[in-house]
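Peer 1: Here's my sequence, what's the structure:
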Amino acid sequence: MPRLKLPLYTKILLWFLVNVLVLALLGFGFMRAQFKLGLDWMLAGEPGDRIAALGDSLTHEFSRVPESEWNTKLHAYETTHGVTFALFDNRGSQAFGEPVTPPPEVLPKLIDRRPPGHGPQRRAPGPVMKRPDDAPPKPRFMLKAGSPARYWAGVHLDLVQQRDNTALMLVMVSDSISGGGLFFELWPWIALVAAALLLSALIWMPFVRGITHFIQGLNKAAGRIARGKFDERISTARHDELGELSTSVNAMAAQLGDYVAQQRRITADVAHELCSPIARMQMALGVAEQRGTPEQAVYLKKLDHELQHMARLVEELLAFSKTETLPERETPEEVDLTALIAQVIAREAPDTPIHTEVPLLPLSTLRHALNRALGNVLRNAVRYAKNIEIHAERSEDRWIIIRVLDRGPGVPAVALEHLFKPFYRPEAARSRATGGSGLGLAITKRCVEACGGEVSASNREGGGLEVKMRIPMSLHPSP
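Peer 2: Alright, predicted model coming up:
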């Protein structure tokens, strides 16, 4: 199962909210332990007002009907709110509603301990007057009790039982803390969390955005350095650990650039220095062949073969080292791609039937670099495969796509990402016996990159290899 990928900004914000939640729970637990808080605190706000209003509404409605209809009315309330309703007298005995058995923790709450004159008084039949705004709040409670545990809430009513003139209390029982929306409403809490999330995002956005933006830039720069762009540099304007990290990455890129430049310079110098002794050895071998005996001819031929292979390797080493400076040595020019591909085919595969589909496409690029890249790929295909095709097309984002396809042995899937590395040859399909040096596709990669493009390879269904070169239609000259 794939892991969920979250941006760094989201992770920081989520951890901040988790921290706030943990602190809130710890604070609530401490307050509850120190001040012995129960669930009554929930009735101090809107839920308490809601229950008090429900009690007033029930009092007003019940005072207009005989007591014989109160059970029916309570059942209607239960259907509306999804909560069990019952009326208890001030001695803790149930008077109306579906029979419920209060747990021992609830019984003390049912007794009306208001002093005489403060409780409900028997009144003549008629409408109940609205309670004044400055009237003291009626006693109410809420707790969790019983086995299985249920939520109990109650409020004393301005309602008396006519039989014995006892005050009544409305008791509500629910299996959930929400109580059908009477005790607890989820949406206000969701709105609170959403508001906290939004506010936190707005407060933290400048700080976190600065970090994530820098890391994104650092990641992109590191990717370009990994691709050989050692002149890439990162801003060191930050005065913190990230600023120190950017300084270290810049120093690393500079050292890598110097190291790679030295390696390339050594490669070019060694290849250049090898040209003269190889040439002298070839001249000496020619003299030896003229003066040698027939018995020596076989050995001299093998020596000549090895010497020619060494000469080709040195030549490709020189070509490989020169591709690094192609953008400085060449300037973009208008290229007729159809004519260029025909020229490459005539040079590299004059006797091989090759199917081409190359329309007229506008292209401004480095002619010699593209010529060398196409030549190396085609020479590689001719060496190992048959049924070769060359296709070119224009993509929607102003790029030219050139594909060289064959029906050869292909390469192992694990070798595809290494094909364009210097001196790499997949042993399953290619070896020194076939004449390759392992530099042809590496030169192709540098030539294509000099044209501002990229090259990749993939195996074809049914066998064979496809090399795809993606080149911009117009290459701006190097400054």
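
Peer 1: contacts and neighbour counts: CA atoms only from here.
Peer 2: Noted.

Peer 1: distance of Ile401 from Gln216?
Peer 2: 30 Å (Cα to Cα, to the nearest Å).

Peer 1: Please apply the same query to Ala319.
Peer 2: 37 Å.

Peer 1: So those two - more neighbours on which side?
Peer 2: Set side by side, Ala319 and Gln216 show more neighbours around Ala319, with 17 against 11, by other Cα atoms under 10 Å.

Peer 1: do you know how far that one is from Ala369?
Peer 2: Plainly put, Ala319 is 11 Å away from Ala369 if you go by Cα to Cα.

Peer 1: cool, His309 as well?
Peer 2: 24 Å.

Peer 1: Between those two, tell me which one has more neighbours.
Peer 2: Each of His309 and Ala369 has its neighbours counted (other Cα under 10 Å); Ala369 has more, 22 against 16.

Peer 1: Would you agree Leu337 is in contact with Leu360?
Peer 2: Yes. With contact defined as Cα atoms under 8 Å, Leu337 counts as touching Leu360 (7.3 Å).

Peer 1: After the strand or helix carrying Ile225, which helix or strand is next?
Peer 2: Under the criterion of DSSP states H and E, Ile225 resides in helix 186-226. Following helix 186-226 in sequence order, the next helix or strand is helix 241-291 (DSSP H and E).

Peer 1: could you give me the average pLDDT of that following helix?
Peer 2: Averaged across helix 241-291, the pLDDT comes to 81.

Peer 1: same deal with stretch 13-24?
Peer 2: For stretch 13-24, mean pLDDT rounds to 80.

Peer 1: Next: stretch 88-103.
Peer 2: Averaging pLDDT along stretch 88-103 yields 89.

Peer 1: contacts for that stretch?
Peer 2: 70-71, 74-75, 84-87, 107-108, 110-112, 145-146, 161, 166-171 (Cα atoms under 8 Å, 6 or more residues apart in numbering).

Peer 1: Kindly report the same for stretch 361-381.
Peer 2: 323, 326-327, 330-337, 340-341, 344-345, 348-349, 388, 393-394, 400, 404-406, 408, 440-441, 443-445, 447-448, 450-451, 467, 472-475.

Peer 1: Pull out the buried members of those residues.
Peer 2: 323, 326-327, 330-332, 335, 337, 340-341, 344-345, 348-349, 388, 393-394, 400, 404-406, 408, 440-441, 443-445, 447-448, 450-451, 467, 472-475 (16 or more other Cα atoms under 10 Å).

Peer 1: Tell me which of the contacts of stretch 361-381 fall in strands.
Peer 2: 333-334, 388, 393-394, 400, 404-405, 467, 472 (DSSP state E).

Peer 1: Quickly check the residues you listed for the two that are furthest apart.
Peer 2: Farthest apart among the ones in strands among the contacts of stretch 361-381 by Cα to Cα are Glu333 and Ile388. That separation is 28.1 Å.

Peer 1: Would you mark the buried spots in stretch 293-302?
Peer 2: For stretch 293-302, using 16+ other Cα under 10 Å, the buried residues are Leu300.

Peer 1: centre of the chain versus it, how much separation?
Peer 2: On the basis of Cα atoms, centre = their mean, to the nearest Å, stretch 293-302 sits 66 Å off its chain's mean C-alpha point.

Peer 1: My guess is Tyr151 contacts Met142. True?
Peer 2: Yes. With contacts counted by Cα under 8 Å, Tyr151 reaches Met142, the gap being 7.2 Å.

Peer 1: So for the two, which sits in the more crowded spot?
Peer 2: Met142 (23 against 19).
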